[in-house]
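Enquirer: With the input below, show me the fold.
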Amino acid sequence: EAVFGQLPTDDPRHIPYTLSDQASRHRLPLMIALEKLLRLPELRLTVSDVLDLREVLVTGASIVYEDRTNPDLQAMRLDGIGFDLKTQPEQTADGRTLHTLDIAFGRAPIFELDLDGKVDLDALTAEIASLAISADLAEEEAVSALPPQVQQIIRNYAIRGMLDATVSGFVDARNLQGNDLTLSVNLTDGNVASGEYKLPVPSLVLEATLQSMVAQVSRLDIQTLGGAIRFDEVRAELQTEGMPFNAQWTIDGIHLREALRAGTTEEPKLAGNVSGTGQMSTKLGDFKPSMDGSGNIAVTEGRLVEI
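Expert: Below you'll find the model as predicted:
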């Protein structure tokens, strides 16, 4: 009014105007970016949408979640979260437009996610150079960052461990047969417990691939209870009816007595040293009825009570 309202509407010098009050979600770049990210499942993305999010940087953010239906559960709170998104369009030789993605999210050293790749919005494909995820459940701060229900499960079962996982490959949202992914998982200092028993996992290594809807595990080594469990030639045909599954397994020097929790004074119901080899097959779509297999297990100094 002070600038444009001084002249009557019939004055040649009058500039028509209107007043509009925009909420923060329509004015602040961070709020605009957040709204678009939250609405991704319902939006049909366009190149302009991505270009609008060319770069988003968030530092020192906090997330707080409280389940008010159960006040006894501890609230989730995590401070110092960072989020850094960068996109850069590039033209390919065949005329396609790829957007390079560089995303970093997390709260080191509790959890971190880093994504480096390229996405084709028109074809709905993605080339993942590296997707790295790390989490450390050894620290109480990391546990308190999770939803209250998850916190309760972790504490009840004494779940601990440091997890590092990487994914790379090609994703085609329109043609699952064309997906080609490689997965690597490393777990160290792991532990889970229930009642008077525990299952320590000092080391777990998993290497797997997914090609043409066939999942194959080339390596799954689990160090636990003073010995090792290994799975070889694991294969699941996810596109075939019933999803056939095959695997070979080896158990080497497992000491069942080490499954007792510290402080347990009762005589263990399970004890002995276990080794063995075997193979199994089943259909994931009808697991128990179709299960089959063979093998041998050797138990020395065994004690089996109330099986």
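Enquirer: which residue packs closest to the residue nearest the centre of the chain, ignoring adjacent ones?
Expert: The centre of the chain sits closest to Ile133, judged by C-alpha atoms, centre = their mean, with a distance of 7.2 Å. Among residues not flanking Ile133 along the chain, Ala165 sits closest, at 4.7 Å (C-beta to C-beta, 6 or more residues apart in numbering). Every C-beta, even on glycine, is put in place using the N, C-alpha and C of the backbone.
Enquirer: Give me the neighbour count for the closest residue to Glu66 other than its chain neighbours.
Expert: Nearest residue to Glu66, sequence neighbours excluded (C-beta to C-beta, 6+ apart): Ala75, at 4.0 Å. By other C-beta atoms under 10 Å, the residues close to Ala75 number 14.
Enquirer: Going along the chain, name the strands of the stretch 51-200 of the chain.
Expert: Along the stretch 51-200 of the chain, the stretches classed as strands by DSSP state E, counting those that start in this stretch are 55-65, 76-91, 97-107, 111-120, 125-136, 160-172, 180-194, 197-211.
Enquirer: Could you list the buried residues of the fifth one?
Expert: The one in question is strand 125-136. Residues of strand 125-136 classed as buried by neighbour count (16 or more other C-beta atoms under 10 Å): 125-128, 131-136.
Enquirer: Repeat that for stretch 90-107.
Expert: Residues of stretch 90-107 classed as buried: 98-99, 101, 103-107 (neighbour count, 16+ other C-beta under 10 Å).
Enquirer: Need those in a markdown table (columns: pLDDT and distance to Ile229).
Expert: Formatted as a markdown table, the buried residues of stretch 90-107 follow (pLDDT from 0 to 100; distance: C-beta to C-beta, whole Å):
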| residue | pLDDT | distance to Ile229 |
| --- | --- | --- |
| Leu98 | 83 | 42 |
| His99 | 81 | 43 |
| Leu101 | 84 | 37 |
| Ile103 | 86 | 35 |
| Ala104 | 89 | 35 |
| Phe105 | 86 | 33 |
| Gly106 | 84 | 31 |
| Arg107 | 79 | 33 |
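Enquirer: And those, which is closest to Thr87?
Expert: Comparing the buried residues of stretch 90-107 against Thr87 with C-beta to C-beta places His99 closest, at 5.0 Å.
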